[in-house]
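**Q** Predicted model follows, preceded by the sequence.
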Protein chains: 2
Amino acid sequence: MESLYNLGEKEWLACCGSLKFAQEMFSAGPFSNYQDALTAATDIWFNKVDVNGWLEAFAAHPQIGESPSKTHKSPTSAQWSKGEQSTALATATDSTLQELYEWNIRYRQKFGFVFLIFASGRSTPEILAEMKRRYQNRPIGEFELAAKEQMKITELRLSKLFSANTTPDSTTKIQN
Amino acid sequence: MESLYNLGEKEWLACCGSLKFAQEMFSAGPFSNYQDALTAATDIWFNKVDVNGWLEAFAAHPQIGESPSKTHKSPTSAQWSKGEQSTALATATDSTLQELYEWNIRYRQKFGFVFLIFASGRSTPEILAEMKRRYQNRPIGEFELAAKEQMKITELRLSKLFSANTTPDSTTKIQN
């Protein structure tokens, strides 16, 4: 008897804000473990979600250094964002936050999407330095790099999703 | 005394349907010759226009095998599209046109933008074969490839723009 994680589109959308990603994960599932889900997610993100879907997923993130909107489509995603940025926020000062704010604007003006970084455990000065370095990139190079950062974020969130659904009485878990 | 081609945003937009491209070309000009304009255009397209601008430019093209819409934003671009597709149309049969139509839909479903190819001098069977081959690509790879095809189209159109504006009495040419 194997446990299957029968997760819905809403849960997948909290991991990655592309509707196509969520739909494809739902179709590919249910998964018996985290590793299978991660393999499917990686394939779907890089081979099936188109560039519009990438932009859609990027748009689901708050600006780094800012809290997610209270009306965020996915409350789970919004809460995870906060946690992922906790080191950054703990190491921020008024002046680094101001600098982050200004570079966010500059970055968005050049690339047309929000600066995306796997922020877990990273300090604000580290993130700022990375943003300035990446600002030099060509738009297409930066676009692909941002997609790779999104995949790292998705991976972490998938692991949270699976560890949060390990109890036998979870409502989102079925037995077969 | 050097001739300068003082072209407006409208003319640049006919070469490449990204507003950012047209604005940057207008700022970078006027150009004294085609080669200078091409150098600027290549830099702007690959280094300054963001991925949204690439999608905007792609969207300005009709589906291959179809006539541009009569309400196209740029009548010059629409007319050039027709010319660029003349070999394709001359070599098309009802069945290849139907196949082209079906593959256009399939391609757009996978990639989220219109199939773009430097069509000048290419027959419909050639274009169809290329579309089927490119359909196998990953979305990001195909996106970058389409941008390179767009640049080839822009290059040809720039050359038309400059050869059309060589007469000293051209209204879009100034002397200094």
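**A** All right, it came through fine.
**Q** Where does the prediction get shaky in chain A?
**A** The model of chain A has pLDDT under 70 over residues A:1-6, A:70, A:165-176.
**Q** Kindly recompute the last result at 90.
**A** Across chain A, the ranges flagged by pLDDT under 90 are A:1-8, A:62-97, A:119-121, A:162-176.
**Q** what sits against A:Glu130?
**A** A:117, A:122 (C-beta atoms under 8 Å, 6 or more residues apart in numbering or on different chains). Placement of C-beta: from N, CA and C, glycine included.
**Q** so what's A:Ser123 up against?
**A** Contacts of A:Ser123 (C-beta under 8 Å, 6+ apart): A:87-88, A:91.
**Q** what about it, distance to chain B?
**A** Taking C-beta to the nearest C-beta, to the nearest Å as the measure, A:Ser123 falls 28 Å from chain B.
**Q** Now do the phi/psi pair for that residue.
**A** When read as degrees, to the nearest 10, the backbone of A:Ser123 gives phi -80, psi 160.
**Q** count of neighbours near the closest residue in space to A:Trp45 that isn't next to it in sequence?
**A** Computed as C-beta to C-beta, 6 or more residues apart in numbering or on different chains, the closest residue to A:Trp45 that is not its neighbour in sequence is A:Met151, at 5.6 Å. Residue neighbour count, defined by other C-beta atoms under 10 Å in any protein chain shown, stands at 18 for A:Met151.
**Q** A:Met151 and A:Phe46 touch, don't they?
**A** Yes. At 7.4 Å, A:Met151 counts as touching A:Phe46 under the criterion of C-beta atoms under 8 Å.
**Q** To what extent is A:His61 buried, counted in neighbours?
**A** Applying other C-beta under 10 Å, we find 25 residues neighbouring A:His61.
**Q** could you say what helices and strands the helix or strand hosting A:Ser159 packs with?
**A** Using DSSP states H and E, A:Ser159 sits within helix A:139-164. Helix A:139-164 sits against helix A:9-15, helix A:34-43, helix A:51-59, helix A:75-84, helix A:94-111, helix B:51-59, helix B:139-164, with contacts defined as 3 or more C-beta pairs under 8 Å, 6 or more residues apart in numbering or on different chains; DSSP states H and E.
**Q** mind listing what the residue most central in space within chain A touches?
**A** In chain A, the residue lying closest to the centroid (C-alpha atoms, centre = their mean) is A:Ile153, at 4.1 Å. Listed by C-beta under 8 Å, 6+ apart, the contact set of A:Ile153 reads A:16, A:84, A:116, A:118.
**Q** Scan the residues you listed and report the most crowded one.
**A** Scoring the contacts of A:Ile153 on neighbours with other C-beta under 10 Å, the highest-scoring entry is A:Cys16 at 28 neighbours.
**Q** Spatially, which residue comes closest to that residue, not counting chain neighbours?
**A** Closest residue in space to A:Cys16, ignoring its immediate chain neighbours: A:Thr154 at 4.5 Å, by C-beta to C-beta, 6+ apart.
**Q** Residues of chain A that sit close to chain B?
**A** Residues of chain A found near chain B (C-beta under 8 Å from any C-beta of the partner chain) are A:46-55, A:110-113, A:138-140, A:143-144, A:147.
**Q** among the residues you listed, which ones are buried?
**A** A:46, A:48-55, A:110-113, A:139-140, A:143-144, A:147 (16 or more other C-beta atoms under 10 Å in any protein chain shown).
**Q** ok, back up a step: any idea which of the contacts of A:Ile153 is closest to chain B?
**A** In terms of C-beta to the nearest C-beta, no member of the contacts of A:Ile153 lies closer to chain B than A:Leu116, at 13.2 Å.
**Q** Could you check how far that closest one is from A:His61?
**A** From A:Leu116 over to A:His61 the distance is 6 Å, taken as C-beta to C-beta, to the nearest Å.
**Q** Kindly report the same for A:Leu128.
**A** 17 Å.
**Q** before we move on, what about A:Ser159?
**A** A:Ser159 is 18 Å from A:His61, by C-beta to C-beta.
**Q** How many residues are close by A:Leu128?
**A** 19.
**Q** ok and the helix or strand in which it is found relative to helix A:139-164, angle-wise?
**A** Element membership for A:Leu128, per DSSP H and E: helix A:124-135. Counting by axes from the mean of the first three to the mean of the last three C-alpha atoms, to 10 degrees, helix A:124-135 lies at 140 degrees to helix A:139-164.
**Q** got the buried residues for helix A:124-135?
**A** In terms of neighbour count (16+ other C-beta under 10 Å), helix A:124-135 has its buried residues at A:124, A:127-128, A:130-131, A:134.
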